[in-house]
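Trainee: Attaching a predicted model along with its sequence, questions to come.
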Amino acid sequence: MNPIDEVSFALTLSCPDRPGIVHAVSGALVQAGGNITESQQYGSPRTAGNAGSFFMRVEVLTTAGFDALRRALEPVAETFSMEWELHPVDSAVRTLVMVSKEAHCLNELLFQQRSGTLPIVVPAIVSNHPELAELAAFYGVPFYHVPVSDKVQAEARLREIIAEQNIDLVVLARYMQILSDQLCRELSGRAINIHHSFLPSFKGARPYAQAHARGVKLIGATAHYVTGELDEGPIIEQEVIRVDHAHSAERLAQMGRAVEARTLSQAVRWHAEHRVLMDGHRTVVFD
Ligand SMILES: Nc1nc2c(c(=O)[nH]1)N[C@@H](CN(C=O)c1ccc(C(=O)N[C@@H](CCC(=O)O)C(=O)O)cc1)CN2
């Protein structure tokens, strides 16, 4: 076998839980000439009248190619009523980053992408303010200033950029405008936001001011999928750090920047590696 013809694919699936799923999937992959290099699965708890759901992520190395794997899996997916996806592991996810005035999350994403630790490409950055154009230029990324004086017009321009740049994933990296319900539906499952609090605490605007007023001893960040309900989308990753009474709201915001950047880049990495599966309003993350 010529190693240069070997390609690794990530298979993700979910289906009603029942015996024989792993056996059927692994058998189909082996029949198609695949070599399983990573396999994780999770069965959600059964409840009254609900069999529970089964989730699986498999990485498989093969020279047979995408179509051979797809043909081998289709009958299994039919038998077990699976929702499934098959992606080449090494294809970088085309990611549009949206920002307002805060640079730390954008900087982390661009630095990690440039360093090769984040499997994305960033063909464009969109902002409702001009301030971060210089940072985009430093990384050689086209910067689109799309002011939100008229939200309908702004979102129409955003749709154009998404289509022109063949975008797979939209990341709101401290983008401080609320996306319309319609746009959220169009981007369902492929738009990630970083909220600068440990949700569900302190949704909405100015969470650090809210946290300071509450006298919290922990602050945090939450990366979640974007939905029409503000900051209510399925959570992908969270992190917290300790704070105390002596920290002002401004100091909390300063301390929170590194947490936000780490949380967002981890969530984007897991999404880009096809490690995040949806379980209703919850996520299953195969790290
Ligand atoms: N549809 C969604 N849009 C956005 C979400 C989301 O979850 N669903 N997350 C926000 C980011 N965000 C907190 O993380 C946030 C941004 C802005 C505001 C806000 O109230 N901003 C303005 C109003 C702006 C507008 O009406 O568009 C304000 O300060 O009054 C709250 C939370 C990104 N978008």
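Mentor: That came through, no problem.
Trainee: and the stretch 51-200 of the chain, which residues reach the ligand?
Mentor: Within reach of the ligand by CB under 6 Å from any ligand atom, the stretch 51-200 of the chain has these residues: 172, 175-179, 184, 193, 195. Every C-beta, even on glycine, is put in place using the N, C-alpha and C of the backbone.
Trainee: any chance of those in TSV, plus pLDDT, neighbour count and secondary structure?
Mentor: Converted to TSV, these look like this (pLDDT from 0 to 100; neighbours: other CB atoms under 10 Å; DSSP: H, G, I helix; E, B strand; the rest coil):
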residue	pLDDT	neighbour count	secondary structure
Leu172	98	24	strand
Tyr175	98	25	coil
Met176	96	14	coil
Gln177	97	16	coil
Ile178	97	16	coil
Leu179	98	24	coil
Cys184	98	18	helix
Asn193	98	24	strand
His195	98	27	strand
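Trainee: Need the max-distance pair from the residues you listed.
Mentor: Pairwise distances among those were taken by CB to CB; the largest, 15.8 Å, belongs to Met176 and Cys184.
Trainee: can you give me the helices for the protein?
Mentor: Counting by DSSP state H, the chain has helices at residues 21-31, 66-79, 104-115, 133-138, 151-164, 181-186, 207-214, 249-272.
Trainee: Please work out how many residues are found near the closest residue to Ile236 other than its chain neighbours.
Mentor: With CB to CB, 6 or more residues apart in numbering as the criterion, Ile236 has its nearest non-adjacent residue at 4.1 Å, and that residue is Ala267. By the criterion of other CB atoms under 10 Å, Ala267 has 26 neighbours.
Trainee: who's in contact with Ala267?
Mentor: Residues near Ala267 by CB atoms under 8 Å, 6 or more residues apart in numbering: 192, 194, 223-224, 236-237, 276.
Trainee: one more time with 10 Å
Mentor: Counting by CB atoms under 10 Å, 6 or more residues apart in numbering, Ala267 touches 171, 192-194, 221-225, 235-238, 276, 283, 285.
Trainee: Check Val284 too.
Mentor: Residues counted as contacts of Val284 (CB under 10 Å, 6+ apart) are 12, 14, 40-42, 44, 53, 55-57, 275-278.
Trainee: As a markdown table, these with distance to Val76, pLDDT and neighbour count would be great.
Mentor: A markdown table is the format used below for these (distance: CB to CB, whole Å; pLDDT from 0 to 100; neighbours: other CB atoms under 10 Å):
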| residue | distance to Val76 | pLDDT | neighbour count |
| --- | --- | --- | --- |
| Thr12 | 14 | 98 | 21 |
| Ser14 | 13 | 98 | 21 |
| Gln40 | 18 | 98 | 15 |
| Gln41 | 14 | 98 | 16 |
| Tyr42 | 18 | 98 | 16 |
| Ser44 | 20 | 93 | 17 |
| Ser53 | 17 | 96 | 19 |
| Phe55 | 15 | 98 | 21 |
| Met56 | 11 | 98 | 23 |
| Arg57 | 15 | 98 | 22 |
| Arg275 | 21 | 98 | 18 |
| Val276 | 22 | 98 | 23 |
| Leu277 | 17 | 98 | 20 |
| Met278 | 20 | 96 | 15 |
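Trainee: From Ile161, how far off is the residue nearest to Ile236?
Mentor: In this structure, Ala267 and Ile161 are 22 Å apart, going by CB to CB, to the nearest Å.
Trainee: what's the nearest residue to Ile235 if we skip its chain neighbours?
Mentor: Per CB to CB, 6+ apart, closest to Ile235 is His224, 4.8 Å.
Trainee: With Gln41 instead?
Mentor: Distances taken as CB to CB, 6+ apart place Met56 nearest to Gln41, at 4.3 Å, with adjacent residues excluded.
Trainee: one step back: quick one: which of the contacts of Ala267 is nearest to the ligand?
Mentor: Asn193 (4.2 Å; CB to the nearest ligand atom).
Trainee: List the beta-bridge partners for the residue nearest to that closest one when sequence neighbours are not counted.
Mentor: Spatial nearest neighbour of Asn193, excluding adjacent residues (CB to CB, 6+ apart): Leu172 at 4.1 Å. Judged by DSSP bridges, the bridge partners of Leu172 are Met98, Asn193.
Trainee: Leu172 contacts Val226, doesn't it?
Mentor: Yes: between Leu172 and Val226 a contact is recorded at 6.4 Å, counting by CB atoms under 10 Å.
Trainee: what touches both of the two?
Mentor: Counting by CB under 10 Å, 6+ apart, the contacts common to Leu172 and Val226 are 179, 191-193.
Trainee: In a markdown table, list the residues you listed along with distance to Gly256.
Mentor: Compiled in a markdown table, the shared contacts of Leu172 and Val226 are given as follows (distance: CB to CB, whole Å):
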| residue | distance to Gly256 |
| --- | --- |
| Leu179 | 22 |
| Ala191 | 22 |
| Ile192 | 18 |
| Asn193 | 15 |
